[in-house]
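Peer 1: Got a predicted structure plus its sequence, pasted below:
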Amino acid sequence: MDFALTPDHVTLLDALEGLVKPFTTAPIGEVPFALGNDELEAALVEGGFLEIAREPEFGLVGAMLVVERAARLPFAVEAANSAFIGPLLGDEVQRPVCVAEHDRLWQPVRYLADGATLLVLGENDTVSTLTPSPGSVLADPDSLFAYPMGFLARDEAALAAAATDLDGRQVRMRANLALASEATGLLRAALASTIEHLSERKQFGRPLATFQALRHRLAEIHVRTDSLYWMTLRAAGLGDPGEAALAALHAQESARIAVYDFHQMMGAMGMTLEHPLHFWSYRLKALIGENGGRGRQARKAAQLLWQK
């Protein structure tokens, strides 16, 4: 497979870089964990970046590039599911687009709010869809997961109707691509933030980044992050459900390992609001349990890839 980006994709990245440039500075101090930005979200929508997968010259690879870059910003914006799954739902889809497993509807769902579009992934690749009615969602806009979260009322979940016009296998594949793309951007941002701190912080008269033990762990995370980028790019280029499940599995396993290391290497600074690490690391922790978690991803990847 040729991993070189096309001229169209390069142009897309250039345009996206210009759009996000004003939003790259991470605020610190007394700001919400689930820090959003309406201006950034509006710019992504108005610029057509969340519709990019509809265009044949960009496709799922274009959506992957948009989501990965947006995830590196400190602001929580629902771009991943909208960019990957939104095109399957028609022109009048109501954002945000949320995804939940049928047996985990009692858990908090990222971005879930009244009027959102909720897709419920069921067994045997079935998909149900639901737009929560007013008052049916208990919102937690400033959750410690660094995403706005919502809890769906149990009686509301029973109203979900099967969406027979949606291919469940395609929806799950795109949900996994959305997860892996977002995790890639979060890992990249968290790694860069940690390296910057370790390069500036000194101990025994030397920057912490010069200590071999830390360098080895940083190198391992760097390899994991780069490999996740290429695995996700490959899965998006192929449009293969098995490859997408494998990328999502690698994303969740890498997030589990990297978040622990990031906070341990940062020491006390990583546990305060004086440093922006939490914007990315806490979001990574939320993604570890998405789409059924690592166990379900592993079983799905094995089933899809070994059947070939």
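Peer 2: Yep, that arrived.

Peer 1: chain center to stretch 120-133: distance?
Peer 2: Averaged C-alpha coordinates place stretch 120-133 at 20 Å from its chain's average position (C-alpha atoms, centre = their mean, to the nearest Å).

Peer 1: likewise stretch 277-285?
Peer 2: On C-alpha atoms, centre = their mean, the centre of stretch 277-285 falls 11 Å from the chain's centre.

Peer 1: For the chain, which segments count as helices?
Peer 2: For the chain, the helices defined by DSSP state H cover 7-20, 38-46, 59-71, 80-84, 154-157, 168-200, 212-238, 241-266, 277-287, 293-306.

Peer 1: Could you tell me the least trusted of the ones you listed?
Peer 2: Out of the helices of the chain, helix 154-157 stands lowest, with a mean of 64 (criterion: mean pLDDT).

Peer 1: from the helices of the chain, which stretch is densest packed?
Peer 2: When those are scored by mean count of other C-beta atoms under 10 Å, the highest mean neighbour count falls to helix 80-84 (a mean of 29). For glycine as for every other residue, the C-beta is placed from the backbone atoms N, C-alpha and C.

Peer 1: hang on, the earlier thing: need the helices of the chain in TSV with distance to His102, can you?
Peer 2: Below are the helices of the chain laid out as TSV (distance: least, C-beta to C-beta, whole Å):
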stretch	distance to His102
helix 7-20	34
helix 38-46	28
helix 59-71	24
helix 80-84	17
helix 154-157	9
helix 168-200	11
helix 212-238	24
helix 241-266	17
helix 277-287	19
helix 293-306	12
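
Peer 1: how about those helices, which one is nearest Thr131?
Peer 2: Within the helices of the chain, the stretch nearest Thr131 is helix 154-157; the backing value is 10.1 Å (C-beta to C-beta).

Peer 1: And Glu55, how close does it get to Gly48?
Peer 2: 9 Å (C-beta to C-beta, to the nearest Å).

Peer 1: Who has more neighbours out of the two?
Peer 2: Neighbours were counted for Glu55 and for Gly48 using other C-beta atoms under 10 Å; Glu55 has more, 14 against 11.

Peer 1: What does the pLDDT read for the more buried one?
Peer 2: pLDDT for Glu55: 93.

Peer 1: So Met231 is in contact with His250, correct?
Peer 2: Yes - the pair Met231 and His250 qualifies as a contact (C-beta atoms under 8 Å) at a distance of 5.8 Å.

Peer 1: what is in contact with those two at once?
Peer 2: Taking C-beta atoms under 8 Å, 6 or more residues apart in numbering as the contact rule, Met231 and His250 both touch Ala180.

Peer 1: So which residue is dead centre in the protein?
Peer 2: Closest to where the C-alpha atoms of the chain average out (C-alpha atoms, centre = their mean) is Glu182, at 2.7 Å.

Peer 1: Would you mind measuring from that residue to Glu290?
Peer 2: Relative to Glu290, Glu182 is positioned 9 Å away (C-beta to C-beta).

Peer 1: same check, this time on Ala15
Peer 2: Taking C-beta to C-beta as the measure, Ala15 falls 29 Å from Glu290.

Peer 1: Could you do Leu238 as well?
Peer 2: 21 Å.

Peer 1: same question, Pro56
Peer 2: Pro56 is 28 Å from Glu290, by C-beta to C-beta.

Peer 1: same thing with Pro87?
Peer 2: Distance, Pro87 to Glu290, by C-beta to C-beta: 20 Å.

Peer 1: circling back to that earlier point, identify whichever of the helices of the chain lies nearest to Glu101.
Peer 2: Closest among the helices of the chain, once you apply C-beta to C-beta, is helix 293-306, at 7.7 Å.

Peer 1: Relative to the whole chain's centre, how far out is the closest one?
Peer 2: On the basis of C-alpha atoms, centre = their mean, helix 293-306 sits 19 Å off its chain's mean C-alpha point.

Peer 1: Just name whatever secondary elements that helix is in contact with.
Peer 2: Contacts defined by 3 or more C-beta pairs under 8 Å, 6 or more residues apart in numbering; DSSP states H and E place helix 293-306 against helix 241-266.

Peer 1: let's see it at 10 Å
Peer 2: Where contact means 3 or more C-beta pairs under 10 Å, 6 or more residues apart in numbering; DSSP states H and E, helix 293-306 is packed against helix 168-200, helix 241-266.
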